[in-house]
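Enquirer: Generate a structure from the sequence data that follows.
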Amino acid sequence: MYFSFILLVYLQDVRGLCERPHPHGWKSVIVLVPVRLGGQELNPSYIACVKKLLMLQSCIGIIGGKPKHSLFFVGFQDDHLLYLDPHYCQPTVNIRKDNFALESFHCKYPRKMPISRMDPSCTIGFYAEGQNEFECMCAVVNEAVSTSAETYPMFIFSEEKRRDVEEESIPRTNSITYIQRNNELNDEDSNSVDEFVLI
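Expert: Below is the predicted model:
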């Protein structure tokens, strides 16, 4: 017996977390979608979809790697994924200084690996600054996912609302994430906080 599962991202729930009354407007949103793209190895039928998603302006990369080694995939070239290694430490950069060093913002040479070696467990990230960007993101992501894998799409952005949980029982305490900026780097507004929803 075989089972097929499709991960749904419920857009009505996302909108409910992002909407704010006038004049505050819409919160920015980062959507992280955990997926499994095969059994022990990456299913080749998902390779075209991975490439399409990495080409989208709203895609902020894929957290994944190869077995026993975490990597952050930022793009692709032919049948190779371009990646950054989160284990590679570099010195901090003080951007307030004139002519600050740019070396730590770049790799000396491109790091890449064959897509076929990618671990099937990964998380795909998307970012939308406002409501218009969010709606556009949903449309292009659904198109990319459905055209690449019509029978078994990776996931679906669904217009539905979660049915398994009552509205009152949805936890709201950790729905908003705040990032406090480093005061040393931001003297003009020492209490500056970036606010966005992390899903």
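
Enquirer: what's near enough to touch Val31?
Expert: Val9, Val14, Gly125, Phe126, Tyr127, Ala128, Ile199 (C-beta atoms under 8 Å, 6 or more residues apart in numbering). Where you see a C-beta, it was placed from the backbone N, CA and C, and this is true even at glycine.

Enquirer: partner residues bridging it?
Expert: Here Val31 shows beta-bridge partners Phe126, assigned using DSSP bridges.

Enquirer: what's in contact with the biggest helix by length in the chain?
Expert: Ranked by number of residues, the top helix in the chain under DSSP state H is helix 131-148. Residues outside helix 131-148 that contact it (C-beta under 8 Å, 6+ apart) are 11, 14-15, 18-19, 25-26, 29, 46, 48-49, 52-53, 56, 58, 126, 128, 153-157.

Enquirer: Just the ones in strands from the residues you listed, please.
Expert: Among the contacts of helix 131-148, the ones falling in strands (DSSP state E) are Val29, Phe126, Ala128, Phe155, Ile156, Phe157.

Enquirer: Pipe the contacts of Val31 into TSV and attach neighbour count per row.
Expert: Converted to TSV, the contacts of Val31 look like this (neighbours: other C-beta atoms under 10 Å):
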residue	neighbour count
Val9	18
Val14	18
Gly125	16
Phe126	25
Tyr127	17
Ala128	23
Ile199	17
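
Enquirer: Just the buried subset of the contacts of helix 131-148, please.
Expert: Neighbour counting by 16 or more other C-beta atoms under 10 Å classes 11, 14-15, 18, 26, 29, 46, 49, 52-53, 56, 58, 126, 128, 153-157 among the contacts of helix 131-148 as buried.

Enquirer: which regions of the chain sit below the pLDDT cut-off?
Expert: Across the chain, the ranges flagged by pLDDT under 70 are 1-6, 148-151, 163-199.

Enquirer: ok, 90 please
Expert: Along the chain, the model assigns pLDDT under 90 to residues 1-27, 36-41, 43-46, 65-69, 84-111, 130-131, 138, 142-199.

Enquirer: quick one, helices of it?
Expert: Counting by DSSP H, the helices of the chain are 11-18, 47-55, 131-148.

Enquirer: Out of those helices, which gets nearest to Asp85?
Expert: Closest to Asp85 of the helices of the chain is helix 47-55 (C-beta to C-beta; 17.3 Å).

Enquirer: If you count contacts, what does the closest one end up packed against?
Expert: Under the contact definition 3 or more C-beta pairs under 8 Å, 6 or more residues apart in numbering; DSSP states H and E, helix 47-55 sits against strand 59-66, strand 69-77, helix 131-148.
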